[in-house]
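K.L.:
Based on what follows, work out the 3D shape:
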Amino acid sequence: MNDARFLRAAGRTLLWSLCLAALPAAAAPRYTFVDTATLIPGHTFQAAAFNDRGALVGTRGDGHAVIVTPGRGEPIDIGTLPSQSPGFETRPAPAAINNHGQVTGTVYYNTNENDPPVIVRGFLYTPGIGMTDIGLLPTPYLPTTYGTGLNDRGVVVGMSVGGTRWETVTYSLGRGLEVLPTALDVQPKGINDRGQILGTLLTNAQVASYIYDRGTVTEIQGAGVVYVYAYDINDRGWVTGQMSRDRVRGQAFLYKPGTGIVDLMAGGVNDGFINTTGLGLNNRGQVVGSGWNGSDTAGFYFDEETGIVQLSKLVAPADLVGWRLWDAFAINDRGQILAYGLRDGSSGATVVLLTPVKKAGPDGDHDHNHDHSPRGR
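P.N.:
Residues are numbered from 1 along each chain as shown. Predicted coordinates:
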């Protein structure tokens, strides 16, 4: 980027930051929540992802990967890949679900649950077809593939790993397994409906994030920012994650093409948080994530009207008795949120589903934010 373009981008970023700081406090959406572990009678369940229709995908207590849509029939068992060797158990681990019910993730093969996985394969599950192995790239080392993201076009983004090198790959039923045509070794974080791929490079010397778009690689940068670790991208090409100016404190950010990167803590009133990380983003620009207040970790919600709000403050106190809400890691276009929660007396965290409370009156069928945009993840 030349100096003039950089200065213009920096000016737009500063203007947006000032606008955020000047926004009046607005009423944040209110939520009800349910422990996803209770959604399947007779089984536990750990949700991993959901789509804009409210369908969740995750792992049932018996190790099966299933799709659950609360209030809409029985769970759908998405199956697994055939065992690569007699005696090897298979464990599917779903990572993403799109709005057509397709799922991607990774199948691990173990001799038993105490052994480390010896074979790893990415997969694409398609309703009516079943689970498909996304394939392998030739390598002299033990080859593995992982499915990490999926868009509504049925394109999987993932990693192929062999030895010390990994490559970003895409897969679809029509085109098969393809290597991203760039020498950049990044960990893919997601793919949107435009085909834009978000990736992060993490080494001992560098933390940087990039958007790959039809042969062009763009680094997400900002004035005075020393590192950017991105986690999610929406269909507008907006990105959230964590940035830092000093490698000590981290701030959740929202990046918009043409505007640049904005520190979501720039307004100064951050509900007591010292450090924050944006983990999930929808097409409305609503962000969820995790923050640290100096003594504890808690989930947060952000939009441009309300700023950063601790997630627990959006739930009725009576509903939260005995609960702590930690990292909020996903938000769909309905405004539903997935977050980790810990119940008093429990030895481990569970995943909870938060759903916006509908408003009374003529807009009762809509939630807090009315900016509906096309969405597919």
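K.L.:
Please state the offset of the helix or strand hosting residue 106 from the chain centre?
P.N.:
Assessed by DSSP states H and E, residue 106 sits inside strand 103-110. Here the centre of strand 103-110 is set off from its chain's centre by 18 Å, with Cα atoms, centre = their mean, to the nearest Å.
K.L.:
Can you give the distance of the helix or strand containing residue 243 from its chain's centre?
P.N.:
Residue 243 belongs to strand 239-244 when assigned by DSSP H and E. What separates the centre of strand 239-244 from the centre of its chain is 13 Å, taken as Cα atoms, centre = their mean.
K.L.:
ok, back up a step: dump the C-alpha coordinates for the strand holding residue 106 into PDB.
P.N.:
Extracted in PDB, the C-alpha atoms of strand 103-110 (Å, rounded to 0.1, in the frame of the first residue of the first chain):
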ATOM      1  CA  VAL A 103     -21.100 -30.400   7.600                       C
ATOM      2  CA  THR A 104     -17.300 -30.400   7.500                       C
ATOM      3  CA  GLY A 105     -14.800 -31.500  10.100                       C
ATOM      4  CA  THR A 106     -12.300 -34.200  10.800                       C
ATOM      5  CA  VAL A 107     -12.400 -37.900  11.400                       C
ATOM      6  CA  TYR A 108      -9.800 -39.300  13.800                       C
ATOM      7  CA  TYR A 109      -8.800 -43.000  13.800                       C
ATOM      8  CA  ASN A 110      -7.700 -44.600  17.100                       C
END
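K.L.:
Contacts made by the strand holding residue 243 with the rest, please.
P.N.:
Under the contact criterion Cβ atoms under 8 Å, 6 or more residues apart in numbering, strand 239-244 has outside partners 198, 200, 209, 211, 220, 222, 225-233, 250-255, 261, 263, 276-281, 287, 289. For every residue, glycine as well, the C-beta is placed using N, CA and C.
K.L.:
Show me which of those are buried.
P.N.:
Buried subset of the contacts of strand 239-244 (neighbour count, 16 or more other Cβ atoms under 10 Å): 198, 200, 209, 211, 220, 222, 225, 227-233, 250-255, 261, 263, 276-281, 287, 289.
K.L.:
Mind checking which of those residues are in strands?
P.N.:
Secondary structure from DSSP state E places 198, 200, 209, 211, 227-233, 251-255, 261, 263, 276-281, 287, 289 of those in strands.
K.L.:
where are the low-confidence patches of the stretch 151-300 of the chain?
P.N.:
163-164, 183-184, 204 (pLDDT under 70).
K.L.:
And residue 314, its phi and psi?
P.N.:
Backbone torsions for residue 314, taken as degrees, to the nearest 10, come to phi -100, psi 0.
K.L.:
Pull the contacting residues for it.
P.N.:
28, 29, 30, 31, 301, 354.
K.L.:
who's the last one bridged to?
P.N.:
Just to be clear, that refers to residue 354. residue 33, residue 337 (DSSP bridges).
K.L.:
hang on, it packs against residue 319?
P.N.:
No: at 10.1 Å, residue 354 does not count as touching residue 319 under the criterion of Cβ atoms under 8 Å.
K.L.:
What's the separation between the closest residue in space to residue 137 that isn't next to it in sequence and residue 91?
P.N.:
Counting by Cβ to Cβ, 6 or more residues apart in numbering, residue 137 lies nearest to residue 160, which is 4.5 Å off, once chain neighbours are set aside. Residue 160 sits 20 Å away from residue 91, going by Cβ to Cβ, to the nearest Å.
K.L.:
neighbour-wise, which of those two wins?
P.N.:
More neighbours surround residue 160 than the other of residue 160 and residue 91, with 24 against 16 (other Cβ atoms under 10 Å).
K.L.:
Send over the helix or strand the more buried one falls within as PDB, restricted to the C-alpha atoms.
P.N.:
Per DSSP H and E, residue 160 falls inside strand 156-162. C-alpha atoms of strand 156-162 as PDB (Å, rounded to 0.1, in the frame of the first residue of the first chain):
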ATOM      1  CA  VAL A 156     -14.800 -26.700   2.300                       C
ATOM      2  CA  VAL A 157     -11.600 -25.000   3.400                       C
ATOM      3  CA  GLY A 158      -9.100 -26.900   5.400                       C
ATOM      4  CA  MET A 159      -5.500 -28.000   5.900                       C
ATOM      5  CA  SER A 160      -3.300 -30.700   4.400                       C
ATOM      6  CA  VAL A 161      -0.400 -31.500   6.700                       C
ATOM      7  CA  GLY A 162       2.700 -33.500   6.000                       C
END
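K.L.:
circling back: out of the contacts of residue 314, which one has the weakest pLDDT?
P.N.:
Among those, residue 28 carries the weakest pLDDT, at 76.
K.L.:
how close does that one sit to residue 291?
P.N.:
15 Å.
K.L.:
for residue 341, what are its contacts?
P.N.:
33, 35, 323, 324, 325, 326, 349, 350, 351, 352 are the contacts of residue 341 under Cβ under 8 Å, 6+ apart.
K.L.:
my guess is the third one meets residue 344, correct?
P.N.:
When you say that, I think you mean residue 323. Yes: counting by Cβ under 8 Å, residue 323 does reach residue 344; the two are 7.5 Å apart.
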